[in-house]
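Participant: coords please:
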Amino acid sequence: MSSIFKILLIIGFSLSTSVYAADAEPAPATDVTPQTNGLSNAMVTNDVGYYNLTPDFTTNIAGASPSGKLHYLRVRVIVMLRSTADLEDVKKRDAIMRDAILSIFGSKTYEEVSSPEGREAIRSECRERVTKLIDNSIGHPVIQDLLFTNYLYQ
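Facilitator: Purely as a prediction, here's the structure:
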């Protein structure tokens, strides 16, 4: 194939792609810039707030596996709030949330941690405990959900 033919082929492909792209409707603009609301580990989306419990949780798993090895769990937890108005109050209660979650993680066995069903059960237990602690402490419903955005075990 001659080099002139290759160049014409490339130009033709480029033009047809440009015409097709020009006919397509542009996607609506969406602001995905996180707003921090003055808090370094809080993100605001509409009225729902997300509070990142940093650093990640890293703890030993209760007991040893059947092979006798010790294991650990590392989890990144984000708390979803019903309203951004409660971000500052939740930030003040970071320590009690971390303590509650860490005590749950440390009580789980390798079998509980290593299955998808066990992971969801742990997340649910953490959500219930944190919701109860924070809602009772603040005096009104604050927590909407609790998310595991990174979950590693070994």
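Participant: how about the strands in this structure?
Facilitator: 42-45, 48-60, 72-81, 143-153 (DSSP state E).
Participant: the ones you listed into TSV, with extra columns for mean pLDDT, mean neighbour count and distance to residue 123?
Facilitator: Yep, even glycine has a C-beta here, placed from its N, CA and C like the rest. Shown next, in TSV, are the strands of the chain (pLDDT from 0 to 100; neighbours: other C-beta atoms under 10 Å; distance: least, C-beta to C-beta, whole Å):
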stretch	mean pLDDT	mean neighbour count	distance to residue 123
strand 42-45	51	17	19
strand 48-60	95	17	12
strand 72-81	96	20	9
strand 143-153	96	15	5
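Participant: among those strands, which is nearest residue 121?
Facilitator: Between residue 121 and those, the tightest spacing by C-beta to C-beta is seen for strand 143-153, at 11.9 Å.
Participant: test my guess that residue 130 contacts residue 78.
Facilitator: No. Using C-beta atoms under 8 Å, residue 130 makes no contact with residue 78, being 11.3 Å away.
Participant: so what sits against both of these two?
Facilitator: Taking C-beta atoms under 8 Å, 6 or more residues apart in numbering as the contact rule, residue 130 and residue 78 both touch residue 146.
Participant: about what we covered before: now distance to residue 99 too, for the strands of the chain, in a markdown table please.
Facilitator: Converted to a markdown table, the strands of the chain look like this (distance: least, C-beta to C-beta, whole Å):
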| stretch | distance to residue 99 |
| --- | --- |
| strand 42-45 | 20 |
| strand 48-60 | 11 |
| strand 72-81 | 13 |
| strand 143-153 | 15 |
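Participant: those strands: which one's closest to residue 107?
Facilitator: strand 48-60 (9.8 Å).
Participant: now the angle from the closest one to strand 143-153?
Facilitator: 30 degrees (axes from the mean of the first three to the mean of the last three C-alpha atoms, to 10 degrees).
Participant: and strand 48-60, what does it pack against?
Facilitator: Helices and strands touching strand 48-60, as assessed by 3 or more C-beta pairs under 8 Å, 6 or more residues apart in numbering; DSSP states H and E, comprise strand 42-45, strand 72-81, helix 87-92, helix 94-106.
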